[in-house]
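> got a structure for you, letters missing:
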């Protein structure tokens, strides 16, 4: 079996990739395929909108991580090349729907033609928008860290939740472009999100089980406290337990998110891993919902529920009094 054209290849327009970025061009072409060549999604005012989770998109782009795909969509949105809306009838459904902004794409194409005619090179906006050092995403697994280092202010956890009630069918190819360039999946490589600072303690081998969780926790910690947390065998064991309880796909998100929580008790303990491990599942819920919970928030919720209970009890008493009066 050969990798050369035994299946429908991903095809993109080379001029588009040169102007908006390779990853963005691949995603935009695939999104356009779903809009123009399938009946998926929904139609509003003559415009077809497509929706899917980032994990389902990854099934179409198995050579990328979900975080790389998120960055690609974010870049396309910032460039104005896609429109994003929440079209579900249920207001609590926060599913994102996507469509191509053809007006913006046509403007960019016309500008590119003028620049080519005048002998100018495209600026490739996405070269900045997808640069690893400015992305709000956790450490990427499977990329070798650099010893040159970058400030930990470049690292944040991406607190994003997306629900989906329908997924795309698997295995459908992208639509060929009449002026396209074949792109082998071997050539498509996601850039590292950021460079690991050379002075960071602990594991720097991306194959280490605790590397992602530790790097996200340590860099978020340094950003907050201007000092590295201590690395030792106990810390390694705690991170191993965290991964076992939350899963490798979530532990690093939660570890970085945990350090961002503004709670007097946690700050007093400098966001120790002991506290993270003690309530790992609760912090996972806070990360997944994007809602921080501290003592003040808990008391406010408790007071609100107490008021609701009191109102319900008063209503029951009034209804009961009315029933008794009906028999007098």
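Thanks, I have the structure now. Because the structure is a prediction, the values reported are computed rather than measured. Numbering: from 1, shown residues only.

> Mean pLDDT per helix and strand in this protein: which one sits at the bottom?
strand 180-183 (a mean of 36; mean pLDDT, DSSP states H and E).

> what's the neighbour count on residue 66?
Neighbour count of residue 66, defined by other C-beta atoms under 10 Å: 16. (Each C-beta comes from the backbone N, C-alpha and C, glycine too.)

> Over to residue 48?
Other residues close to residue 48 by other C-beta under 10 Å number 17.

> cool, residue 205 as well?
9.

> Skip the chain neighbours and tell me the closest residue to it.
Nearest residue to residue 205 in three dimensions, chain neighbours excluded: residue 211, at 6.3 Å (C-beta to C-beta, 6 or more residues apart in numbering).

> State the pLDDT value of the one you found.
The model reports residue 211 with a pLDDT of 92.

> Touching, it and residue 200? I think so.
No: using C-beta atoms under 8 Å, residue 211 is not in contact with residue 200; the gap is 10.7 Å.

> any weak-confidence spans in this protein?
1-9, 119-194, 293-307, 310, 318-328 (pLDDT under 70).

> Contact partners for residue 228?
Residue 228 makes contacts with 199-201, 218, 221-222, as judged by C-beta atoms under 8 Å, 6 or more residues apart in numbering.

> most surrounded residue in those?
Top of these by neighbour count (other C-beta under 10 Å): residue 218, with 27 neighbours.

> buried stuff in the one helix or strand that one maps to?
Here residue 218, judged by DSSP states H and E, is contained in helix 211-225. By neighbour count with 16 or more other C-beta atoms under 10 Å, helix 211-225 contains the buried residues 211-223.

> Which strands or helices does that helix pack on?
helix 233-246, helix 248-259 (3 or more C-beta pairs under 8 Å, 6 or more residues apart in numbering; DSSP states H and E).

> deepest of those, which one?
helix 248-259 (a mean of 23; mean count of other C-beta atoms under 10 Å).

> just checking, next helix/strand downstream of that helix?
Counting by DSSP H and E, what follows helix 248-259 is helix 264-268.

> Packing partners of the following helix or strand past that next one?
Note on helix 264-268: by DSSP H and E, the next helix or strand toward the C-terminus is helix 273-278. Applying 3+ C-beta pairs under 8 Å, 6+ apart, we find helix 273-278 packed against helix 233-246, helix 248-259.

> Domain boundaries for this protein, per the record?
If you go by automatic domain parsing, the domain ranges for the chain are 10-183, 211-289, 301-328.

> Adding distance to residue 205, write those domains out as TSV.
Shown next, in TSV, are the domains of the chain (distance: least, C-beta to C-beta, whole Å):
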stretch	distance to residue 205
domain 10-183	9
domain 211-289	6
domain 301-328	43
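
> before we move on, the earlier item: and of the helices and strands packed on helix 211-225, who's closest to residue 271?
helix 248-259 (4.9 Å; C-beta to C-beta).

> so what secondary structure elements neighbour the closest one?
Packed next to helix 248-259, using 3+ C-beta pairs under 8 Å, 6+ apart, are helix 211-225, helix 233-246, helix 273-278, helix 280-289.

> and the angle for the second one with helix 280-289?
Here helix 233-246 runs at 60 degrees with respect to helix 280-289, directions being taken by axes from the mean of the first three to the mean of the last three C-alpha atoms, to 10 degrees.

> Same question for the longest one.
If you take the same axes, to 10 degrees, helix 211-225 sits at 80 degrees to helix 280-289.

> How much space separates residue 279 from residue 252?
Residue 279 is 17 Å from residue 252, where distance means C-beta to C-beta, to the nearest Å.

> and residue 23, which of the helices and strands packed on helix 273-278 is closest to it?
helix 248-259 (20.8 Å).

> Tell me the secondary structure at residue 99.
strand (DSSP: H, G, I helix; E, B strand; the rest coil).

> okay, now it: neighbour count?
That count, for residue 99 with other C-beta under 10 Å as the rule, works out to 21.

> That'll do, ta.
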